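Colleague: coordinates only, sequence not included:
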């Protein structure tokens with residue numbers, strides 16, 4: 001079985017548009033490709049990424065051309081969408097156990113747990129809420145080349 005990491009939308013958006021830590025996200029992604037590390041995410045992931053791009057365009061944080069270019073780049077990225085049967089239950093239980101308000105966040109955590117891999121995010125609020133609670137979570141801001 002190939003090594004893998006679970007990725008979330010916040011991390012991938014940083015690959016697509018220039019934001020703080022975009023350089024670190026790019027180095028991470030390139031390293032995973034070079035080391036043949038599979039990138040996995042839950043089934044809603046593509047919609048979360050593209051919704052973020054669309055929302056940034058609507059809010060005039062991106063031009064239509066920038067949003068379209070980011071969308072087109074996203075469509076070329078290599079990742080695997082996984083929805084194991086136990087994912088929903090695990091995400092539900094983790095949300096309750098960790099006191100997190102959304103199952104979107106815990107779905108990523110649950111997938112990482114079920115697939116025994118690290119979870120990488122750029123969501124600093126999530127990272128801060130998980131300190132000491134979920135050992136496999138990694139924040140892009142902590143990554144060093």
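Modeller: Yes, it's here. Everything numeric in this text was worked out from a predicted model, so none of it was measured. Numbering: from 1, shown residues only.
Colleague: gap between the closest residue to residue 99 other than its chain neighbours and residue 51?
Modeller: Residue nearest to residue 99 in three dimensions, not counting chain neighbours: residue 129, with 7.9 Å by C-beta to C-beta, 6 or more residues apart in numbering. (C-beta placed from N, C-alpha, C; glycine too.) Between residue 129 and residue 51 the distance, using C-beta to C-beta, to the nearest Å, works out to 22 Å.
Colleague: before we move on, what about residue 32?
Modeller: Residue 32 is 24 Å from residue 51, where distance means C-beta to C-beta.
Colleague: neighbour count: these two, which is higher?
Modeller: Neighbour comparison, residue 32 and residue 51: the larger count goes to residue 32, with 19 against 12 (by other C-beta atoms under 10 Å).
Colleague: pretty sure the more buried one sits against residue 39.
Modeller: Yes - counting by C-beta atoms under 8 Å, residue 32 touches residue 39, with 6.1 Å between them.
Colleague: identify the contacts common to those two.
Modeller: Between them, residue 32 and residue 39 share these contacting residues under C-beta atoms under 8 Å, 6 or more residues apart in numbering: residue 5.
Colleague: after the worst-scoring helix or strand of the chain on mean pLDDT, next one along is what?
Modeller: Every helix and strand in the chain was compared by mean pLDDT, DSSP states H and E; the lowest is helix 124-130, with a mean of 92. For helix 124-130, the succeeding helix or strand toward the C-terminus, using DSSP states H and E, is strand 137-139.
Colleague: partner strands of that next one and their direction?
Modeller: The pairing partners recorded for strand 137-139 under DSSP bridges are strand 118-121 (parallel).
Colleague: avg pLDDT for the partner strand?
Modeller: For strand 118-121, mean pLDDT rounds to 97.
Colleague: go ahead and name everything in contact with it.
Modeller: Taking contacts as C-beta under 8 Å, 6+ apart, the residues outside strand 118-121 that touch it are 5-8, 10-11, 28, 108-109, 111-112, 127, 134, 136-140.
Colleague: mind doing that once more with 6 Å?
Modeller: Under the contact criterion C-beta atoms under 6 Å, 6 or more residues apart in numbering, strand 118-121 has outside partners 5, 6, 7, 8, 10, 11, 108, 109, 112, 136, 137, 138.
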